[in-house]
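Engineer: okay, structure incoming, though there's no sequence with it:
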């Protein structure tokens, strides 16, 4: 049996859900944040990746604004 590595660039994997740990590591976030984003955005890897980028940008902006106070 041959093992196939499934990545977001592999054709036909768009609607296969991410593993929470893989998603968290890919985006450098906590397991809990990854669970919430994956639950909220369904199985679409494109939607989950976009949500992760938006989430991380919002966290960075919030951190920056609280450091300026």
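Structural biologist: Thanks, I have the structure now. Note that this is a predicted model, so its numbers are computed, not measured. Numbering: from 1, shown residues only.

Engineer: in stretch 32-40, what's buried?
Structural biologist: For stretch 32-40, the neighbour count (16 or more other Cβ atoms under 10 Å) marks 33, 34, 37, 38 as buried. No exception for glycine: its C-beta is placed from N, CA and C like everyone else's.

Engineer: how about stretch 39-56?
Structural biologist: So stretch 39-56, judged by 16+ other Cβ under 10 Å, has buried residues 41, 45, 48, 49, 51, 52, 55.

Engineer: return the helix or strand in the protein with minimum mean pLDDT.
Structural biologist: Across the helices and strands of the chain, mean confidence by mean pLDDT, DSSP states H and E is lowest for helix 45-67: a mean of 92.

Engineer: what packs against it?
Structural biologist: Using 3 or more Cβ pairs under 8 Å, 6 or more residues apart in numbering; DSSP states H and E as the contact criterion, the secondary-structure elements in contact with helix 45-67 are helix 20-27, helix 31-41.

Engineer: now with 6 Å?
Structural biologist: Using 3 or more Cβ pairs under 6 Å, 6 or more residues apart in numbering; DSSP states H and E as the contact criterion, the neighbours of helix 45-67 among helices and strands are helix 31-41.
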